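J.: Predicted coordinates and the sequence they were generated for:
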Amino acid sequence: QGQLVESGGGLVQSGGSLRLSCTISGFTLDGYAIAWFRQAPGKERTEVSCSVNNDGSTYYADSVKGRFPISRDTAKNTVYLNMTNLKPEDTAVYYCAASKRGICSRFGMDYWGKGTQVTVSN
């Protein structure tokens, strides 16, 4: 059974940076799509970014393009979301998820982490 644990969230001022980590156990990254989602209070969970596989293919939501590069470290079995130039509207709980079929969609994920809170103040 796969497990994903997010870390790195916190409180940061507008314009600041945070690096989120998604540490995976129970399976290796090979062949899995790993995605980051976020959910603000009263809103739907939406996809932020996805690392499709180990060849570097990625997807980004328009709202974070150029600010939130995603990367994976196969040696550490960890995926990172390097968040820069953070804005108050980025405030949300951030979740990582994994798809064994390589699907970058909320409905295609097989494993989910429990989330980490990111709060961006003005």
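T.: Nice, I can see it. Numbering: from 1, shown residues only.

J.: Sticking with Glu6, tell me its helix or strand.
T.: strand 3-7 (DSSP states H and E).

J.: Kindly provide the whole-number mean pLDDT of that strand.
T.: Model confidence over strand 3-7, given as mean pLDDT, is 98.

J.: what lines up beside that strand in the sheet?
T.: If you go by DSSP bridges, strand 3-7 pairs up with strand 18-25 (antiparallel).

J.: Give me the residues contacting the partner strand.
T.: The contact list for strand 18-25 (Cβ atoms under 8 Å, 6 or more residues apart in numbering) reads 2-10, 12, 34, 36, 76-83, 86, 94, 96, 98, 113, 116, 118. C-betas here are computed from N, CA, C, even on glycine.

J.: give the contact list for the residue nearest the centre of the chain.
T.: Centroid-nearest residue in the chain, with Cα atoms, centre = their mean: Trp36, separated by 2.4 Å. Residues near Trp36 by Cβ under 8 Å, 6+ apart: 20, 22, 47-50, 68, 70, 79, 81, 94-97.

J.: Any idea what it is bridged to?
T.: As for beta bridges, Trp36 partners with Ser49, Cys96 under DSSP bridges.

J.: picking up where we left off before, looking at the contacts of Trp36, which is nearest Thr28?
T.: Val79 (11.9 Å; Cβ to Cβ).

J.: so that closest one touches Cys96, yeah?
T.: Yes: between Val79 and Cys96 there is a contact under Cβ atoms under 8 Å: 6.4 Å.

J.: quick one on the thing from earlier: may I see the buried residues of the strand holding Glu6?
T.: Across strand 3-7, burial judged by 16 or more other Cβ atoms under 10 Å covers 4, 6.

J.: about what we covered before: quickly note the distance from the residue nearest to the centre of the chain to Asn122.
T.: Separation of Trp36 from Asn122 (Cβ to Cβ, to the nearest Å): 24 Å.

J.: can you list contacts of stretch 43-57?
T.: Here stretch 43-57 has contacts from 29-39, 58-61, 64, 68, 70-72, 74, 79, 81, 92, 94-95, 102, 104-106, using Cβ under 8 Å, 6+ apart.

J.: Now list the buried members of those.
T.: Here, 16+ other Cβ under 10 Å leaves 29, 32-38, 58-60, 64, 68, 70, 72, 79, 81, 92, 94-95, 104, 106 buried among those.
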